[in-house]
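**Q** Could you work out the structure for the sequence below:
(chains A and B)
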Amino acid sequence: MDGADVGRAVRRIAHEIVEHNRGTANLVVVGIHTRGVPLAERLAVALAEAEAPVPVGELDITLYRDDLERRPTTRVGTTRMPSSIDDRVVVLVDDVLFTGRTVRAALDALADLGRPRRVELAVLVDRGHRELPIRADYVGKNLPTAGRERVSVHLAEIDGEDAVLIGEAG
Amino acid sequence: MHHLLDISDLDRAELESLLDDSDGFVEVLARPIPKVPALRGKTITTAFFEASTRTRLSFERAAKALSADTMTFSPGTSSLSKGESLKDTVLTLQAMGSNLLVVRHQAVGAARRVSEWLSIPVVNGGDGAHQHPTQALLDALTVRRRFGRIEGLQVAIVGDIRHSRVARSDLQAFSTLGARVTLVAPRTLLPVTTNGWKVEVSSTLDEVLPEADVVYLLRVQTERGGASVFPSLPEYVSRFGMTRERRARLKPGAVVMHPGPMNRGVEIADEVADDPDALVLEQVSMGVAVRMAVLFRLLGGEIDG
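**A** Model (predicted):
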(Lines give C-alpha, C1' and ligand atoms only; values in the text may rest on other atoms or scores of the structure.)
Protein backbone atom coordinates (compact mmCIF):
# COMPACT_ATOMS: atom_id res chain seq x y z
CA MET A 1 0.00 0.00 0.00
CA ASP A 2 1.26 3.47 -0.78
CA GLY A 3 0.18 6.86 0.56
CA ALA A 4 -2.86 7.14 -1.72
CA ASP A 5 -4.02 3.63 -0.76
CA VAL A 6 -3.74 4.48 2.94
CA GLY A 7 -5.78 7.67 2.43
CA ARG A 8 -8.50 5.81 0.51
CA ALA A 9 -8.65 3.06 3.14
CA VAL A 10 -9.11 5.59 5.96
CA ARG A 11 -11.88 7.39 4.06
CA ARG A 12 -13.65 4.12 3.28
CA ILE A 13 -13.47 3.03 6.92
CA ALA A 14 -14.94 6.40 7.95
CA HIS A 15 -17.90 5.84 5.64
CA GLU A 16 -18.39 2.30 6.94
CA ILE A 17 -18.39 3.59 10.53
CA VAL A 18 -21.00 6.22 9.67
CA GLU A 19 -23.15 3.66 7.88
CA HIS A 20 -22.86 1.04 10.59
CA ASN A 21 -23.59 3.50 13.41
CA ARG A 22 -26.20 5.47 11.42
CA GLY A 23 -24.23 8.67 11.96
CA THR A 24 -21.55 9.73 14.40
CA ALA A 25 -23.60 10.63 17.47
CA ASN A 26 -22.07 9.18 20.64
CA LEU A 27 -18.89 8.02 18.85
CA VAL A 28 -15.36 8.33 20.26
CA VAL A 29 -12.33 7.34 18.20
CA VAL A 30 -9.44 6.03 20.30
CA GLY A 31 -5.99 5.33 18.84
CA ILE A 32 -3.71 2.69 20.33
CA HIS A 33 -0.10 3.80 20.75
CA THR A 34 2.02 4.29 18.72
CA ARG A 35 0.71 4.31 15.16
CA GLY A 36 -2.96 3.97 16.06
CA VAL A 37 -2.87 7.54 17.39
CA PRO A 38 -2.20 9.40 14.13
CA LEU A 39 -4.52 6.95 12.35
CA ALA A 40 -7.30 7.82 14.80
CA GLU A 41 -6.73 11.51 14.14
CA ARG A 42 -6.94 10.94 10.38
CA LEU A 43 -10.07 8.87 10.84
CA ALA A 44 -11.62 11.72 12.84
CA VAL A 45 -10.85 14.13 9.99
CA ALA A 46 -12.43 11.72 7.51
CA LEU A 47 -15.47 11.30 9.77
CA ALA A 48 -15.85 15.08 10.02
CA GLU A 49 -15.77 15.31 6.20
CA ALA A 50 -18.21 12.43 5.80
CA GLU A 51 -20.63 13.37 8.58
CA ALA A 52 -19.66 15.34 11.71
CA PRO A 53 -16.70 15.91 14.04
CA VAL A 54 -15.91 13.11 16.47
CA PRO A 55 -13.79 13.36 19.64
CA VAL A 56 -10.42 11.56 19.63
CA GLY A 57 -8.57 9.82 22.45
CA GLU A 58 -5.31 7.94 22.78
CA LEU A 59 -4.57 4.77 24.68
CA ASP A 60 -1.23 3.45 25.92
CA ILE A 61 -1.41 -0.24 26.71
CA THR A 62 2.12 -0.73 28.11
CA LEU A 63 0.79 -1.39 31.61
CA TYR A 64 -1.66 -4.01 30.31
CA ARG A 65 0.66 -6.13 28.17
CA ASP A 66 0.92 -9.85 28.86
CA ASP A 67 4.51 -10.03 27.61
CA LEU A 68 6.20 -7.33 29.71
CA GLU A 69 8.85 -9.73 30.96
CA ARG A 70 9.85 -10.71 27.45
CA ARG A 71 10.40 -7.18 26.25
CA PRO A 72 13.25 -4.77 26.76
CA THR A 73 12.58 -1.90 29.17
CA THR A 74 9.39 -0.23 28.07
CA ARG A 75 8.33 3.36 28.50
CA VAL A 76 4.92 4.46 29.71
CA GLY A 77 3.01 6.51 27.14
CA THR A 78 0.09 8.89 27.32
CA THR A 79 -3.50 7.85 27.84
CA ARG A 80 -6.03 10.59 27.24
CA MET A 81 -9.77 10.35 26.73
CA PRO A 82 -11.71 13.34 25.37
CA SER A 83 -14.42 12.84 28.02
CA SER A 84 -16.08 10.02 29.86
CA ILE A 85 -16.42 6.94 27.67
CA ASP A 86 -19.36 5.63 29.67
CA ASP A 87 -22.23 4.68 27.35
CA ARG A 88 -20.33 5.90 24.28
CA VAL A 89 -19.46 3.82 21.23
CA VAL A 90 -15.66 3.54 21.20
CA VAL A 91 -13.90 2.79 17.92
CA LEU A 92 -10.43 1.45 18.75
CA VAL A 93 -7.89 2.18 16.03
CA ASP A 94 -4.58 0.41 15.40
CA ASP A 95 -2.27 0.02 12.45
CA VAL A 96 -1.85 -3.78 12.27
CA LEU A 97 -4.03 -6.56 13.64
CA PHE A 98 -1.87 -9.66 14.17
CA THR A 99 -2.10 -11.93 17.23
CA GLY A 100 -4.87 -9.89 18.87
CA ARG A 101 -2.91 -9.50 22.11
CA THR A 102 -2.60 -5.74 21.76
CA VAL A 103 -6.36 -5.45 21.31
CA ARG A 104 -6.93 -7.70 24.32
CA ALA A 105 -4.74 -5.36 26.39
CA ALA A 106 -6.55 -2.32 24.98
CA LEU A 107 -9.94 -3.79 25.96
CA ASP A 108 -8.68 -4.32 29.51
CA ALA A 109 -7.40 -0.75 29.62
CA LEU A 110 -10.71 0.63 28.33
CA ALA A 111 -12.62 -1.32 30.98
CA ASP A 112 -10.60 0.51 33.65
CA LEU A 113 -11.44 3.87 32.09
CA GLY A 114 -15.20 3.42 31.89
CA ARG A 115 -18.01 1.33 30.52
CA PRO A 116 -18.57 1.98 26.83
CA ARG A 117 -21.91 0.91 25.34
CA ARG A 118 -20.02 -0.87 22.56
CA VAL A 119 -16.42 -1.19 21.40
CA GLU A 120 -15.55 -1.58 17.73
CA LEU A 121 -12.17 -2.15 16.14
CA ALA A 122 -10.72 -0.47 13.05
CA VAL A 123 -7.32 -1.49 11.65
CA LEU A 124 -5.37 -0.42 8.61
CA VAL A 125 -4.00 -3.92 7.98
CA ASP A 126 -5.26 -7.33 9.10
CA ARG A 127 -2.42 -9.79 8.59
CA GLY A 128 -4.04 -12.84 10.22
CA HIS A 129 -2.43 -15.28 12.70
CA ARG A 130 -4.76 -14.52 15.58
CA GLU A 131 -3.96 -16.09 18.95
CA LEU A 132 -7.14 -14.85 20.63
CA PRO A 133 -10.82 -14.76 19.58
CA ILE A 134 -10.69 -11.16 18.32
CA ARG A 135 -11.74 -9.71 14.94
CA ALA A 136 -11.84 -6.27 13.39
CA ASP A 137 -15.08 -4.48 12.46
CA TYR A 138 -13.34 -2.28 9.86
CA VAL A 139 -10.29 -3.34 7.86
CA GLY A 140 -8.27 -1.18 5.47
CA LYS A 141 -6.64 -4.14 3.78
CA ASN A 142 -6.50 -7.88 4.42
CA LEU A 143 -2.90 -8.92 3.94
CA PRO A 144 -2.33 -12.67 4.14
CA THR A 145 1.20 -13.19 5.44
CA ALA A 146 3.44 -15.95 6.72
CA GLY A 147 3.93 -15.84 10.47
CA ARG A 148 7.63 -15.14 10.14
CA GLU A 149 7.14 -12.13 7.87
CA ARG A 150 7.18 -8.61 9.26
CA VAL A 151 4.55 -6.04 8.38
CA SER A 152 5.54 -2.42 9.02
CA VAL A 153 3.14 0.44 8.66
CA HIS A 154 4.80 3.79 8.06
CA LEU A 155 2.83 6.98 8.71
CA ALA A 156 3.91 10.46 7.72
CA GLU A 157 3.38 11.85 11.25
CA ILE A 158 5.95 9.42 12.67
CA ASP A 159 7.97 8.00 9.78
CA GLY A 160 7.89 10.81 7.24
CA GLU A 161 5.92 8.82 4.64
CA ASP A 162 2.81 6.66 4.28
CA ALA A 163 3.46 3.03 3.30
CA VAL A 164 2.79 -0.57 4.27
CA LEU A 165 5.83 -2.78 3.84
CA ILE A 166 6.26 -6.53 4.07
CA GLY A 167 9.65 -8.05 4.72
CA GLU A 168 11.33 -11.16 6.06
CA ALA A 169 12.04 -11.14 9.78
CA GLY A 170 15.68 -10.36 10.38
CA MET B 1 18.87 0.44 35.93
CA HIS B 2 18.94 -2.56 38.29
CA HIS B 3 18.66 -0.75 41.64
CA LEU B 4 17.81 2.76 42.81
CA LEU B 5 20.31 3.55 45.55
CA ASP B 6 21.64 7.05 44.98
CA ILE B 7 20.17 9.83 42.86
CA SER B 8 23.63 10.68 41.56
CA ASP B 9 23.74 7.25 39.85
CA LEU B 10 21.24 8.67 37.33
CA ASP B 11 22.18 11.03 34.53
CA ARG B 12 19.91 13.74 33.23
CA ALA B 13 18.33 11.57 30.52
CA GLU B 14 17.53 8.82 33.03
CA LEU B 15 16.02 11.30 35.48
CA GLU B 16 13.90 12.84 32.74
CA SER B 17 12.69 9.49 31.44
CA LEU B 18 11.59 8.50 34.96
CA LEU B 19 9.74 11.83 35.28
CA ASP B 20 8.12 11.25 31.87
CA ASP B 21 6.90 7.82 33.01
CA SER B 22 5.70 9.39 36.25
CA ASP B 23 3.47 11.77 34.27
CA GLY B 24 1.80 8.66 32.84
CA PHE B 25 1.25 7.29 36.33
CA VAL B 26 -0.24 10.60 37.52
CA GLU B 27 -2.86 10.01 34.82
CA VAL B 28 -3.37 6.40 35.94
CA LEU B 29 -3.94 7.56 39.54
CA ALA B 30 -6.59 10.02 38.36
CA ARG B 31 -8.68 7.30 36.67
CA PRO B 32 -11.99 6.01 38.03
CA ILE B 33 -10.15 2.73 38.65
CA PRO B 34 -6.62 3.85 39.61
CA LYS B 35 -4.99 0.48 39.17
CA VAL B 36 -3.16 -1.26 36.33
CA PRO B 37 -2.13 -4.92 36.03
CA ALA B 38 1.50 -4.20 35.11
CA LEU B 39 3.17 -5.95 38.07
CA ARG B 40 0.63 -8.69 38.70
CA GLY B 41 2.28 -11.63 40.45
CA LYS B 42 5.23 -9.59 41.76
CA THR B 43 5.86 -9.21 45.46
CA ILE B 44 7.32 -5.97 46.75
CA THR B 45 8.63 -5.90 50.31
CA THR B 46 9.22 -2.79 52.38
CA ALA B 47 11.85 -3.26 55.09
CA PHE B 48 12.03 -0.10 57.16
CA PHE B 49 14.50 -0.28 60.02
CA GLU B 50 13.78 3.35 60.84
CA ALA B 51 10.46 5.08 61.46
CA SER B 52 8.47 6.26 58.45
CA THR B 53 4.88 7.04 57.67
CA ARG B 54 4.61 8.53 54.25
CA THR B 55 7.47 6.81 52.46
CA ARG B 56 6.47 3.29 53.42
CA LEU B 57 2.77 3.90 52.79
CA SER B 58 3.57 5.61 49.51
CA PHE B 59 5.59 2.63 48.27
CA GLU B 60 2.79 0.29 49.30
CA ARG B 61 0.20 2.40 47.54
CA ALA B 62 2.39 2.50 44.44
CA ALA B 63 2.92 -1.27 44.50
CA LYS B 64 -0.79 -1.94 44.90
CA ALA B 65 -1.75 0.46 42.11
CA LEU B 66 0.54 -1.65 39.89
CA SER B 67 -1.24 -4.84 41.12
CA ALA B 68 1.84 -6.12 42.93
CA ASP B 69 1.50 -7.87 46.27
CA THR B 70 3.17 -6.25 49.25
CA MET B 71 4.86 -7.48 52.39
CA THR B 72 5.91 -5.25 55.24
CA PHE B 73 8.79 -5.85 57.58
CA SER B 74 8.84 -3.85 60.80
CA PRO B 75 11.78 -4.27 63.15
CA GLY B 76 9.76 -3.73 66.31
CA THR B 77 7.85 -6.99 65.99
CA SER B 78 10.55 -9.05 64.27
CA SER B 79 13.41 -11.38 65.01
CA LEU B 80 15.70 -8.35 64.95
CA SER B 81 14.82 -8.08 68.60
CA LYS B 82 16.28 -11.59 68.91
CA GLY B 83 19.52 -10.34 67.39
CA GLU B 84 19.09 -11.42 63.77
CA SER B 85 21.52 -9.57 61.52
CA LEU B 86 20.54 -7.20 58.73
CA LYS B 87 22.03 -9.60 56.21
CA ASP B 88 20.09 -12.62 57.47
CA THR B 89 16.93 -10.54 57.61
CA VAL B 90 17.06 -9.37 54.01
CA LEU B 91 18.18 -12.78 52.71
CA THR B 92 15.13 -14.22 54.45
CA LEU B 93 12.85 -11.65 52.82
CA GLN B 94 14.31 -12.54 49.42
CA ALA B 95 13.99 -16.30 50.04
CA MET B 96 10.34 -15.73 50.93
CA GLY B 97 9.72 -14.65 47.36
CA SER B 98 10.20 -10.89 47.33
CA ASN B 99 10.86 -9.60 43.83
CA LEU B 100 12.02 -6.18 45.03
CA LEU B 101 13.06 -4.78 48.39
CA VAL B 102 12.62 -1.20 49.57
CA VAL B 103 15.04 -0.54 52.42
CA ARG B 104 15.21 2.29 54.91
CA HIS B 105 17.99 2.18 57.48
CA GLN B 106 19.68 4.65 59.80
CA ALA B 107 23.15 3.63 58.57
CA VAL B 108 24.66 5.43 55.59
CA GLY B 109 25.19 2.99 52.71
CA ALA B 110 22.84 0.34 54.12
CA ALA B 111 20.76 0.01 50.95
CA ARG B 112 23.85 -0.38 48.78
CA ARG B 113 25.22 -3.04 51.13
CA VAL B 114 21.88 -4.88 50.98
CA SER B 115 21.93 -4.72 47.18
CA GLU B 116 25.30 -6.50 47.20
CA TRP B 117 23.86 -9.37 49.21
CA LEU B 118 20.70 -9.87 47.14
CA SER B 119 19.93 -10.78 43.54
CA ILE B 120 16.66 -8.80 43.42
CA PRO B 121 16.41 -5.03 42.80
CA VAL B 122 16.80 -2.83 45.88
CA VAL B 123 15.37 0.66 46.29
CA ASN B 124 16.85 2.98 48.86
CA GLY B 125 14.02 4.40 50.97
CA GLY B 126 16.49 6.52 52.94
CA ASP B 127 19.88 5.71 54.46
CA GLY B 128 20.88 7.88 57.40
CA ALA B 129 21.77 11.42 56.38
CA HIS B 130 22.94 10.21 52.98
CA GLN B 131 20.32 9.61 50.28
CA HIS B 132 16.58 9.48 49.67
CA PRO B 133 16.35 9.16 45.90
CA THR B 134 12.58 8.77 45.49
CA GLN B 135 12.07 11.97 47.52
CA ALA B 136 14.28 13.83 45.03
CA LEU B 137 12.32 12.36 42.12
CA LEU B 138 8.95 13.30 43.57
CA ASP B 139 10.14 16.83 44.32
CA ALA B 140 11.47 17.18 40.78
CA LEU B 141 8.17 15.90 39.38
CA THR B 142 6.17 18.31 41.55
CA VAL B 143 8.26 21.27 40.37
CA ARG B 144 8.27 20.19 36.72
CA ARG B 145 4.49 19.81 36.67
CA ARG B 146 4.00 23.20 38.34
CA PHE B 147 6.47 25.21 36.22
CA GLY B 148 6.52 23.07 33.09
CA ARG B 149 10.32 22.90 33.36
CA ILE B 150 13.20 22.69 35.83
CA GLU B 151 15.97 24.17 33.68
CA GLY B 152 16.84 27.66 34.83
CA LEU B 153 14.74 27.71 38.00
CA GLN B 154 16.18 29.07 41.24
CA VAL B 155 15.78 26.52 44.02
CA ALA B 156 16.61 27.47 47.61
CA ILE B 157 16.98 24.54 50.03
CA VAL B 158 16.63 25.92 53.53
CA GLY B 159 17.48 24.48 56.92
CA ASP B 160 19.29 21.51 58.33
CA ILE B 161 21.34 20.58 55.27
CA ARG B 162 23.97 18.72 57.28
CA HIS B 163 21.66 16.06 58.68
CA SER B 164 19.38 15.86 55.66
CA ARG B 165 19.35 13.06 53.09
CA VAL B 166 16.54 14.96 51.40
CA ALA B 167 18.83 17.96 50.88
CA ARG B 168 21.64 15.79 49.47
CA SER B 169 19.33 13.96 47.07
CA ASP B 170 17.33 17.01 46.01
CA LEU B 171 20.28 19.26 45.32
CA GLN B 172 21.77 16.58 43.08
CA ALA B 173 18.52 15.99 41.20
CA PHE B 174 17.70 19.67 40.75
CA SER B 175 21.20 20.66 39.66
CA THR B 176 21.44 17.70 37.25
CA LEU B 177 18.13 18.81 35.75
CA GLY B 178 19.46 22.33 35.19
CA ALA B 179 18.14 24.30 38.17
CA ARG B 180 20.36 26.67 40.15
CA VAL B 181 20.45 25.48 43.73
CA THR B 182 21.27 27.60 46.77
CA LEU B 183 21.69 26.04 50.19
CA VAL B 184 20.53 28.32 52.97
CA ALA B 185 21.42 27.48 56.57
CA PRO B 186 23.30 28.61 59.63
CA ARG B 187 26.92 27.52 59.35
CA THR B 188 26.43 24.86 62.01
CA LEU B 189 23.77 23.17 59.86
CA LEU B 190 25.80 23.20 56.64
CA PRO B 191 27.90 20.18 55.73
CA VAL B 192 31.59 20.38 56.59
CA THR B 193 32.32 20.84 52.90
CA THR B 194 30.25 21.45 49.79
CA ASN B 195 33.22 20.87 47.49
CA GLY B 196 32.13 19.08 44.34
CA TRP B 197 28.47 20.14 44.71
CA LYS B 198 27.08 22.44 42.06
CA VAL B 199 25.49 24.79 44.59
CA GLU B 200 25.77 28.24 46.06
CA VAL B 201 25.67 28.69 49.82
CA SER B 202 24.13 31.45 51.87
CA SER B 203 23.49 32.06 55.53
CA THR B 204 20.87 34.75 54.95
CA LEU B 205 17.46 33.58 53.81
CA ASP B 206 16.24 37.15 53.28
CA GLU B 207 18.86 37.71 50.58
CA VAL B 208 17.86 34.58 48.68
CA LEU B 209 14.07 34.96 48.91
CA PRO B 210 13.43 37.58 46.19
CA GLU B 211 15.09 35.45 43.49
CA ALA B 212 13.77 32.02 44.43
CA ASP B 213 11.21 30.15 42.34
CA VAL B 214 11.14 27.26 44.81
CA VAL B 215 11.76 27.57 48.54
CA TYR B 216 12.34 24.08 49.87
CA LEU B 217 12.12 23.96 53.64
CA LEU B 218 13.77 21.13 55.54
CA ARG B 219 12.53 19.78 58.80
CA VAL B 220 14.48 20.73 61.90
CA GLN B 221 15.52 17.22 62.86
CA THR B 222 15.55 17.05 66.60
CA GLU B 223 16.19 13.27 66.44
CA ARG B 224 19.45 13.81 64.54
CA GLY B 225 20.75 16.47 66.94
CA GLY B 226 19.29 19.43 65.07
CA ALA B 227 18.12 21.39 68.08
CA SER B 228 21.52 21.31 69.76
CA VAL B 229 23.38 23.12 66.98
CA PHE B 230 21.61 26.46 67.02
CA PRO B 231 20.91 28.68 70.00
CA SER B 232 17.13 28.44 70.20
CA LEU B 233 14.06 27.67 68.14
CA PRO B 234 12.82 31.30 68.25
CA GLU B 235 16.16 32.44 66.83
CA TYR B 236 15.95 29.77 64.10
CA VAL B 237 12.45 30.96 63.22
CA SER B 238 13.51 34.60 63.10
CA ARG B 239 16.37 33.87 60.66
CA PHE B 240 15.24 30.81 58.67
CA GLY B 241 11.55 30.20 59.34
CA MET B 242 9.10 30.66 56.48
CA THR B 243 6.81 33.11 58.19
CA ARG B 244 3.77 34.72 56.62
CA GLU B 245 5.78 37.92 56.31
CA ARG B 246 8.56 36.17 54.36
CA ARG B 247 6.00 34.35 52.22
CA ALA B 248 4.66 37.72 51.13
CA ARG B 249 8.10 38.72 49.85
CA LEU B 250 8.43 35.79 47.43
CA LYS B 251 8.16 36.65 43.76
CA PRO B 252 4.83 35.93 42.03
CA GLY B 253 4.44 32.26 41.13
CA ALA B 254 7.07 31.10 43.62
CA VAL B 255 6.19 27.98 45.61
CA VAL B 256 6.98 26.61 49.05
CA MET B 257 7.80 22.93 49.49
CA HIS B 258 8.48 20.68 52.47
CA PRO B 259 9.17 16.93 52.59
CA GLY B 260 7.16 16.42 55.77
CA PRO B 261 6.59 15.81 58.54
CA MET B 262 6.33 19.54 59.20
CA ASN B 263 7.23 21.28 62.44
CA ARG B 264 4.53 23.91 62.19
CA GLY B 265 5.64 27.16 63.75
CA VAL B 266 9.33 26.27 63.35
CA GLU B 267 10.56 25.98 59.77
CA ILE B 268 7.11 26.72 58.36
CA ALA B 269 4.31 28.89 59.75
CA ASP B 270 0.78 27.51 59.94
CA GLU B 271 -0.58 30.00 57.41
CA VAL B 272 2.19 29.17 54.94
CA ALA B 273 1.70 25.43 55.30
CA ASP B 274 -2.02 25.77 54.61
CA ASP B 275 -1.62 28.23 51.74
CA PRO B 276 -2.78 26.86 48.37
CA ASP B 277 0.64 27.71 46.91
CA ALA B 278 2.38 25.41 49.37
CA LEU B 279 2.90 22.16 47.52
CA VAL B 280 3.32 19.91 50.56
CA LEU B 281 0.31 17.69 49.83
CA GLU B 282 0.95 17.81 46.10
CA GLN B 283 4.41 16.39 46.87
CA VAL B 284 2.78 13.50 48.72
CA SER B 285 0.51 12.75 45.76
CA MET B 286 3.37 12.93 43.28
CA GLY B 287 5.32 10.53 45.50
CA VAL B 288 2.96 7.67 44.63
CA ALA B 289 3.32 8.30 40.89
CA VAL B 290 7.11 8.55 41.04
CA ARG B 291 7.38 5.33 43.05
CA MET B 292 5.16 3.57 40.52
CA ALA B 293 7.57 4.70 37.82
CA VAL B 294 10.56 3.41 39.79
CA LEU B 295 8.96 0.05 40.60
CA PHE B 296 7.80 -0.38 37.01
CA ARG B 297 11.23 0.53 35.65
CA LEU B 298 12.92 -1.99 37.94
CA LEU B 299 10.41 -4.84 37.55
CA GLY B 300 8.25 -4.16 34.53
CA GLY B 301 10.22 -4.21 31.37
CA GLU B 302 13.26 -6.28 32.02
CA ILE B 303 14.03 -9.94 31.81
CA ASP B 304 14.97 -11.18 35.26
CA GLY B 305 18.62 -11.71 35.95
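**Q** For A:Asp137, which residues are in contact?
**A** A:His20, A:Val91, A:Glu120, A:Leu121, A:Ala122 (C-beta atoms under 8 Å, 6 or more residues apart in numbering or on different chains). C-beta here means a position set from N, CA and C on the backbone, and glycine is covered the same way.
**Q** Can you flag the buried ones in the residues you listed?
**A** Listed as buried from these are A:Val91, A:Glu120, A:Leu121, A:Ala122; burial here means 16 or more other C-beta atoms under 10 Å in any protein chain shown.
**Q** Nearest residue to the second one in space, please, no chain neighbours.
**A** The one in question is A:Glu120. Once flanking residues are discounted, A:Glu120 sits nearest to A:Asp137: 4.3 Å by C-beta to C-beta, 6 or more residues apart in numbering or on different chains.
**Q** Skip ahead from the lengthiest helix in chain A and say which helix or strand is next.
**A** Determined from DSSP state H, the single longest helix within chain A is helix A:3-21. Once the chain leaves helix A:3-21, the next helix or strand it forms, by DSSP states H and E, is strand A:27-32.
**Q** angle of that next one against helix A:3-21?
**A** 140 degrees (axes from the mean of the first three to the mean of the last three C-alpha atoms, to 10 degrees).
**Q** Give me the mean pLDDT for strand A:27-32.
**A** Strand A:27-32 carries an average pLDDT of 98.
**Q** Compute the inter-axis angle for the helix or strand following that strand and helix A:3-21.
**A** Along the chain past strand A:27-32, the next helix or strand (assigned with DSSP H and E) turns out to be helix A:36-50. Here helix A:36-50 runs at an angle of 70 degrees relative to helix A:3-21 (the same axes, to 10 degrees).
**Q** How far off centre is helix A:36-50?
**A** 11 Å (C-alpha atoms, centre = their mean, to the nearest Å).
**Q** Could you give me the buried positions within that helix?
**A** A:Gly36, A:Val37, A:Pro38, A:Leu39, A:Ala40, A:Glu41, A:Arg42, A:Leu43, A:Ala44, A:Val45, A:Ala46, A:Leu47.
**Q** Equivalent analysis for stretch B:102-114, please.
**A** B:Val102, B:Val103, B:Arg104, B:His105, B:Ala110, B:Ala111, B:Arg112, B:Arg113, B:Val114.
**Q** One more: stretch A:104-116?
**A** For stretch A:104-116, by 16+ other C-beta under 10 Å, it's A:Arg104, A:Ala105, A:Ala106, A:Leu107, A:Asp108, A:Ala109, A:Leu110, A:Asp112, A:Leu113, A:Gly114, A:Pro116.
**Q** If I look at residue 118, what pLDDT would I see?
**A** Chain wasn't specified; assuming chain A. For A:Arg118, pLDDT reads 97.
**Q** could you do chain B instead?
**A** 98.
**Q** thinking it is in contact with B:Leu101, fair?
**A** Yes. Between B:Leu118 and B:Leu101 a contact is recorded at 6.6 Å, counting by C-beta atoms under 8 Å.
**Q** who has more neighbours, the two?
**A** B:Leu101 (25 against 18; other C-beta atoms under 10 Å in any protein chain shown).
**Q** which residues does that one contact?
**A** Per C-beta under 8 Å, 6+ apart, neighbours of B:Leu101: B:44-47, B:90, B:93-94, B:114, B:118, B:120-123.
**Q** Are we agreed that it is in a strand?
**A** Yes. Counting by DSSP: H, G, I helix; E, B strand; the rest coil, B:Leu101 is part of a strand.
**Q** Do you have the strands of chain A handy? List them.
**A** Secondary structure of chain A (DSSP state E): strands at A:27-32, A:56-59, A:89-97, A:118-126, A:138-142, A:149-154, A:163-168.
**Q** near chain B, which residues of chain A?
**A** Applying C-beta under 8 Å from any C-beta of the partner chain, one finds that chain A approaches chain B through A:60, A:62-65, A:68-80, A:108-109, A:112-114.
**Q** re earlier: in helices, which of the contacts of B:Leu101 fall?
**A** B:Val90, B:Leu93, B:Gln94, B:Val114.
**Q** from those residues, which is closest to chain A?
**A** B:Gln94 (18.6 Å; C-beta to the nearest C-beta).
**Q** Quick check: which of the strands of chain A is nearest to B:Arg187?
**A** Of all these, the one in closest proximity to B:Arg187, counting by C-beta to C-beta, is strand A:56-59 (52.9 Å).
**Q** mean confidence score for that closest one?
**A** Strand A:56-59 comes out at a mean pLDDT of 97.
**Q** Tell me where the stretch 1-150 of chain B has strands.
**A** Taking DSSP state E, counting those that start in this stretch as the criterion, the stretch 1-150 of chain B contains strands spanning B:43-48, B:69-73, B:100-105, B:122-127.
**Q** Same question for stretch B:210-219: list its buried residues.
**A** B:Ala212, B:Asp213, B:Val214, B:Val215, B:Tyr216, B:Leu217, B:Leu218, B:Arg219.
**Q** before we move on, what about stretch B:286-293?
**A** In stretch B:286-293, counting by 16+ other C-beta under 10 Å, buried: B:Met286, B:Gly287, B:Val288, B:Ala289, B:Val290, B:Arg291, B:Met292, B:Ala293.
**Q** Which of these fall within strands?
**A** Checked against DSSP E, these include nothing in strands.
**Q** Please list the members of those that lie in helices.
**A** Using DSSP H, the buried residues of stretch B:286-293 in helices are B:Met286, B:Gly287, B:Val288, B:Ala289, B:Val290, B:Arg291, B:Met292, B:Ala293.
**Q** The fifth one and chain A, how far apart?
**A** With distances taken as C-beta to the nearest C-beta, to the nearest Å, B:Val290 is found 12 Å from chain A.
**Q** for the second one, same thing?
**A** The gap separating B:Gly287 from chain A is 17 Å, by C-beta to the nearest C-beta.
**Q** again with the third one
**A** Noted for B:Val288: a distance of 14 Å to chain A, by C-beta to the nearest C-beta.
**Q** Contacts only, for that residue.
**A** B:Val288 touches B:Phe25, B:Leu29, B:Ser58, B:Arg61, B:Ala62, B:Ala65, counting by C-beta under 8 Å, 6+ apart.
**Q** with those in mind, which one is nearest to chain A?
**A** Nearest to chain A among the contacts of B:Val288, with distances taken as C-beta to the nearest C-beta, is B:Phe25, at 6.8 Å.
**Q** Drop anything exposed from the residues of chain A next to chain B.
**A** A:60, A:62-65, A:68, A:74, A:76-77, A:79, A:108-109, A:112-114.
**Q** Now, these that are in helices?
**A** Those of those lying in helices (DSSP H): A:Asp108, A:Ala109, A:Asp112, A:Leu113.
**Q** tell me the helices in the stretch 1-150 of chain B, going along the chain?
**A** B:12-29, B:54-65, B:86-95, B:110-117, B:133-147 (DSSP state H, counting those that start in this stretch).
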